[in-house]
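1. Show me how the following folds:
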Amino acid sequence: MAGLIGKFENFDPDQDDWIVYSESLEQHFEANKITEEKEKVATLLTVVGKSIYRLLRDLTYPELPKEKTFMQLSEIMRKQLSPHVSVWRERIKFYNATQREDESSSEWNARIRNLAVNCNLGSRLQENLKDKFICMMKKGAVQDRLCEENEQNSMEIYVTLVLQKESSKNAVSNVLWVKLVNGGFRHFIPKGKTMMSSAGPGLGNMTSGQSYQHQQTSRTTATHARGRRRFDRTIRNQQNDCKVCGKHAVSSIVCKYANYRCRKCNSIGHLEAVCRSRVKNHNFINEQVENINIDQLEIFNLSSDKSIKLNPFIIEIKIGKEQCKMSIDTGAAITVISLDLYDSKFSKYVLTGDNIILRGYTGDCIKPIGYFEAPTTVNNITKSIRYYVVNKDGPSLLGRNFFKSL
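-> Next up is the predicted model:
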């Protein structure tokens, strides 16, 4: 067989299909310009292997296999190795097939073509393939796109459209889109990457006011990030400032103004210079600076521009079997819920203790009661998320640990 194009393995009746094997052998003859009948028979008897040759010898007795033509030997093997196929059984398989959820459109196309092989559909084959390909396709954007096309189009046109649609879909499949409860969409790069600030799908359907709000919120988020970076650069100097009078390196415990009343908020314990009662609350949880002995997280109250009326980003997620509305906080390191929410919906989850301490901008500390982990579903993605429970009023916050888990 030296110098010939292609190489044939011995025929294995347990793994190979004789019809496919013989058709491939015919192409081997074409490629190598083998036209003589004796050469075809000799090639067949050589490549099939000893066990198949012995079978052919038994089936052609009292004649020898070499005395038959190639087509005669192929037909003998087909009858011996390919059992009778019921056309109706094959058609039942074909017509009952539906696209699986994890099956791509190209795989679906190949599968229905394979199922149609023994259906003897004749001139109706292409029409039946089109009907099957579109009508039994899983419901979604791809099927909707095909339904817009003319029914006279060829199967090849439909397959090409599907591949283009799926290619576009896969190009953005690594972006998580979250629908906000209060309108609009927001998208995030999975695995805890940076939040993207461009407009998401559905933004074109927003009113001009909603679109403006989306743009202003993106700018405000960037402003908060810059403020956080400035705070990090000065945190080591600020952490020793007295929380009563604001002077550097003065202990709040021994400060002579500890019992003074603030002239701004009328509270005892600090002076007007450090009073923060005028600040509008936005809760952000961030990682504590280095050089600490226990895990601490800071809670900052960042002021917002009063000229911009913004609603918080709120999404609806499913924690276990409970639906829950949560505020998105991309500056937060962890996800936090209140004790009231835990008692009302999630008390079946056992709390685990932790060394984390939440510390406010003014120095007051909050020790979480504990945390629990629960399966959480958003946009049909389910992951196990850790929730810290605090005995304090306020909105439930989705921190970076939530988005890193997706």
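2. Name the helix or strand of this protein that has the lowest mean pLDDT.
-> Least confident helix or strand of the chain, by mean pLDDT, DSSP states H and E, is strand 283-287 with a mean of 39.
3. quick one: contacts for Y371?
-> L351, T352, D354, R386, Y387, Y388, V389 (Cβ atoms under 8 Å, 6 or more residues apart in numbering). For the C-beta atoms, the positions are set from N, CA and C on the backbone; glycine is no exception.
4. Would you format these as TSV with pLDDT included?
-> Putting the contacts of Y371 into TSV (pLDDT from 0 to 100) gives the following:
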residue	pLDDT
L351	88
T352	88
D354	79
R386	91
Y387	91
Y388	90
V389	90
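5. Out of those, which is nearest to G320?
-> Set against G320, the nearest of the contacts of Y371 by Cβ to Cβ is Y387 (10.5 Å).
6. Next one: that closest one from V378, what distance?
-> If you measure Y387 against V378 using Cβ to Cβ, to the nearest Å, the figure is 14 Å.
7. More neighbours: which of these two?
-> More crowded of Y387 and V378, by other Cβ atoms under 10 Å: Y387, with 28 against 21.
8. Provide the partner residues of that one in its beta bridges.
-> With DSSP bridges applied, Y387 shows beta-bridge pairing to T335, F372.
9. who's in contact with it?
-> Taking Cβ under 8 Å, 6+ apart, we find Y387 in contact with I319, T335, V336, I337, F346, Y371, F372, E373, A374.
10. Please indicate which of those are buried?
-> I319, T335, V336, I337, F346, Y371, F372, A374 (16 or more other Cβ atoms under 10 Å).
11. so is the last one in a helix, a strand, or just coil?
-> Same thing as A374. Classification of A374 by DSSP: H, G, I helix; E, B strand; the rest coil places it in strand.
12. Correct me if wrong: it contacts K318.
-> No - using Cβ atoms under 8 Å, A374 is not in contact with K318; the gap is 9.8 Å.
13. Confirm that N355 sits in a strand.
-> No - counting by three-state DSSP, N355 falls outside a strand, being coil.
14. how close does it get to G394?
-> Going from N355 to G394 by Cβ to Cβ gives 22 Å.
15. So which of these two has more stuff around it?
-> G394 (13 against 10).
16. host element of that one?
-> Per DSSP states H and E: G394 is located in neither a helix nor a strand.
17. where does the stretch 1-150 of the chain have low pLDDT?
-> In the predicted model of the stretch 1-150 of the chain, residues 1-3, 83 satisfy pLDDT under 70.
18. Which residues lie in contact with the nearest residue to C262 once chain neighbours are set aside in this structure?
-> Among residues not flanking C262 along the chain, C275 sits closest, at 5.0 Å (Cβ to Cβ, 6 or more residues apart in numbering). Counting by Cβ under 8 Å, 6+ apart, C275 makes contact with C262, K264, C265, S267.
19. how does it look with 10 Å?
-> G246, C262, R263, K264, C265, N266, S267, T362 (Cβ atoms under 10 Å, 6 or more residues apart in numbering).
20. E67 too?
-> With Cβ under 10 Å, 6+ apart, E67 has these contacts: V41, T60.
21. Against V41, how distant is it?
-> Going from E67 to V41 by Cβ to Cβ gives 9 Å.
22. same deal with F29?
-> Taken as Cβ to Cβ, the span from F29 to V41 is 11 Å.
23. likewise K139?
-> Using Cβ to Cβ, K139 is found at 54 Å from V41.
24. cool, I92 as well?
-> Distance, I92 to V41, by Cβ to Cβ: 39 Å.
25. Between these two, which has more neighbouring residues?
-> Shown here are I92 and V41; by other Cβ under 10 Å, V41 has more neighbours (19 against 13).
26. what's near enough to touch that one?
-> Shown in contact with V41 (Cβ under 10 Å, 6+ apart): P65, K66, E67, K68, T69, F70, M71, Q72, L73.
27. Dihedrals phi and psi, it?
-> Backbone torsions of V41, given as degrees, to the nearest 10, read phi -60, psi -40.
28. cool, the one 4 residues further on as well?
-> Its backbone dihedrals place L45 at phi -70, psi -20, with angles given as degrees, to the nearest 10.
29. my guess is it contacts Y53, does it?
-> Yes - if you go by Cβ atoms under 10 Å, L45 and Y53 touch, sitting 5.7 Å apart.
30. Residues that sit against both of those two, list them.
-> Common contacts of L45 and Y53, defined by Cβ under 10 Å, 6+ apart, comprise P65.
31. what's the overlap in contacts for Y387 and V378?
-> In contact with both Y387 and V378: I319, M326, L398, F402, using Cβ under 10 Å, 6+ apart.
32. any idea how far E90 is from N120?
-> Counting by Cβ to Cβ, the gap from N120 to E90 is 8 Å.
33. Ok, G246 next?
-> Distance of G246 to E90, computed by Cβ to Cβ: 85 Å.
34. One more: K404?
-> 50 Å.
35. next one: I112
-> 12 Å.
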